[in-house]
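Visitor: No letters, just coordinates:
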DNA sequence: CATAACCAACTAACTGTTCATTTGCTTGCC
DNA sequence: GGCAAGCAAATGAACAGTTAGTTGGTTATG
């Protein structure tokens, strides 16, 4: 007879997962420096000391959160170098459906800039994407360099996301469909429809 | 005979300015939660108590930093609704020359999202820009909504900035000229050259 | 002298991290 | 089946270092 979220019996995997979920919310909301270990433990209904047995320390916990999110994103939004507008649209959808994603990525950029520690598989993924773009058949000359094109597509897809520096405060989800269409059209013009 | 940065005599304006400059570096580097009041005082060669007499508290100091930077940006990069590629290029230049700008803006987005307190003149400026775009003569139908166009231009101009979530680690300034040209060309395609 | 600028020292609260101890599950044995 | 040993999981309380903010006095300036 389950009475609350905490599992009836001892279950390290479930506890780990609960900590990770709570940490995701906390880090997405407050960043690394602003996150509080106490709050994470309380939200996960677990003792905060478990954070140190499972993840080493606060930074290790953040890394674990980042790795999980990057992996999931790369997994669920496959890159399609021959259909960049479609890719931008799907990335837009994903970011809209997972508001933590871009906030976490931005915190990571700001707070972990110098440390060298990058989320697992991210730089590999960027390299693969760039190479795929370089080899993709693109007819017209005077086209963008692969690096520029990739960065532009990512920037456009995330331009309307609430974590972006440019989105005005009163952003409403009902208008998302219109913005999505605009993003797709913008990328279409970039690649020369 | 000046021996260090601190003015020979008492000079409240200079002290205020020194505090503001030190706070800019500290906040740009570590954000609000990560910034340390002691470090700011030390870097400004002023007593940290002066922060509280001049700016109220840590948050007030951050607001002052943000206001100054937003004002300067809006002042030095005039908006030209009829020449969006040129505007994007000039904005790109400004962000490249003032690396603190986008970092501060991003910190503000992340840490001050809900508080309502926006940098002075920013939302006004966004509204004016949107209206200017709406009234600007653009021939072709099927064009972007003014809000979309503005957000896209800003996103593209800041896409290659080190504070962006998408820029790979090994970004070198020598390649900036090429990226600048790509940004201008991208905006040109958006508006339909 | 009167006022404003400035400073050193202080404080109360908080934070990440550790650790000795307890709790409950599993396993081998009778 | 019943039992006790062994062990990982979980806990509560504390530690040692930091932090934003304050205060009372000192010093230059007009």
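Guide: Sure, I can see it. Not measured: the values here are computed from a predicted model. Residues are numbered from 1 along each chain as shown, chains lettered A, B, ... in the order given.

Visitor: how about the closest residue to residue A:12 other than its chain neighbours, what does it touch?
Guide: Leaving aside its sequence neighbours, residue A:12 sits nearest to residue A:54 (CB to CB, 6 or more residues apart in numbering or on different chains; 7.9 Å). In this view, the C-beta of every residue, glycine as well, is placed from N, C-alpha and C. Shown in contact with residue A:54 (CB atoms under 8 Å, 6 or more residues apart in numbering or on different chains): A:12, A:15, A:16, A:19.

Visitor: any idea which helix or strand carries the second one?
Guide: When you say that, I think you mean residue A:15. Here residue A:15 sits within helix A:12-34, counting by DSSP states H and E.

Visitor: And that helix, what's buried?
Guide: A:15-16, A:18-20, A:22-34 (16 or more other CB atoms under 10 Å in any protein chain shown).

Visitor: Okay, buried residues for whatever helix or strand comes next after that helix please.
Guide: Downstream of helix A:12-34, the next assigned helix or strand under DSSP H and E is helix A:37-43. Under the neighbour-count criterion of 16+ other CB under 10 Å, helix A:37-43 has A:37, A:39, A:40, A:41, A:43 buried.

Visitor: Put together CSV for those, with pLDDT and distance to DNA strand D on each row.
Guide: Output for the buried residues of helix A:37-43, formatted as CSV (pLDDT from 0 to 100; distance: CB to the nearest atom of the strand, whole Å):
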residue, pLDDT, distance to DNA strand D
A:37, 96, 9
A:39, 95, 14
A:40, 96, 12
A:41, 95, 8
A:43, 94, 13
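
Visitor: helices and strands of chain A: which one bottoms out on pLDDT?
Guide: Using mean pLDDT, DSSP states H and E, the weakest-scoring helix or strand in chain A turns out to be helix A:122-135, at a mean of 92.

Visitor: Where does the prediction get shaky in chain A?
Guide: A:1-9, A:137-142, A:163-173, A:193 (pLDDT under 70).

Visitor: quick one: what helix or strand has the one residue sitting closest to the centre of it in it?
Guide: The structure's chain A has its C-alpha centroid closest to residue A:101; by CA atoms, centre = their mean the separation is 3.0 Å. Using DSSP H and E, residue A:101 falls within helix A:99-111.

Visitor: contact partners of that helix?
Guide: The contact list for helix A:99-111, computed with CB under 8 Å, 6+ apart, reads A:24-25, A:27-29, A:31-33, A:62, A:65-66, A:69-70, A:73, A:94-95, A:119, A:158, A:161-164, B:30-31, B:34, B:103, B:106-107, B:109-110, B:163-165.

Visitor: residues contacting the residue lying closest to residue A:133 once chain neighbours are set aside?
Guide: Distances taken as CB to CB, 6+ apart place residue A:146 nearest to residue A:133, at 3.9 Å, with adjacent residues excluded. For residue A:146, the contacting residues are A:130, A:131, A:133, A:134, by CB under 8 Å, 6+ apart.

Visitor: Quick one: buried ones out of these?
Guide: Members of the contacts of residue A:146 classed as buried by 16+ other CB under 10 Å are A:130, A:133.
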